[in-house]
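Trainee: please find the sequence and the predicted model below.
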Amino acid sequence: MVNHINADSMESSSSYTSKTIDHLGLVASMCDELDLSNLIDKLIP
């Protein structure tokens with residue numbers, strides 16, 4: 001399932017796409033393997 005959200009009603013004209021991922025065990029494993037938590041911590045101070 002893919003949800004497309006257009007942010008035209010917001011002040012900025014940017015848009016983004018959100019996807020629902022149902023296999024949480026696989027998602028957690030990939031996040032751990034890719035070290036996403038550290039990457040996010042570096043990007044968001």
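Mentor: In hand now; what should we look at?
Trainee: tell me which element the residue nearest the centre of the chain falls in.
Mentor: When CA atoms, centre = their mean is applied to the chain, the residue found nearest the centroid is S18 (6.7 Å). According to DSSP states H and E, S18 maps onto strand 16-19.
Trainee: send me that strand as PDB with only the CA atoms.
Mentor: The C-alpha atoms that make up strand 16-19 are tabulated as PDB, following Å, rounded to 0.1, in the frame of the first residue of the first chain:
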ATOM      1  CA  TYR A  16       6.700  13.600  -0.100                       C
ATOM      2  CA  THR A  17       5.700  10.000  -0.400                       C
ATOM      3  CA  SER A  18       4.900   7.700   2.500                       C
ATOM      4  CA  LYS A  19       4.900   3.900   2.200                       C
END
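Trainee: how distant is that strand from the center of its chain?
Mentor: 7 Å (CA atoms, centre = their mean, to the nearest Å).
Trainee: for it, what is the average pLDDT?
Mentor: Mean per-residue pLDDT for strand 16-19: 83.
Trainee: parallel or antiparallel, which strands does that strand pair with?
Mentor: Strand 16-19 has the following strand partners under DSSP bridges: strand 2-5 (antiparallel).
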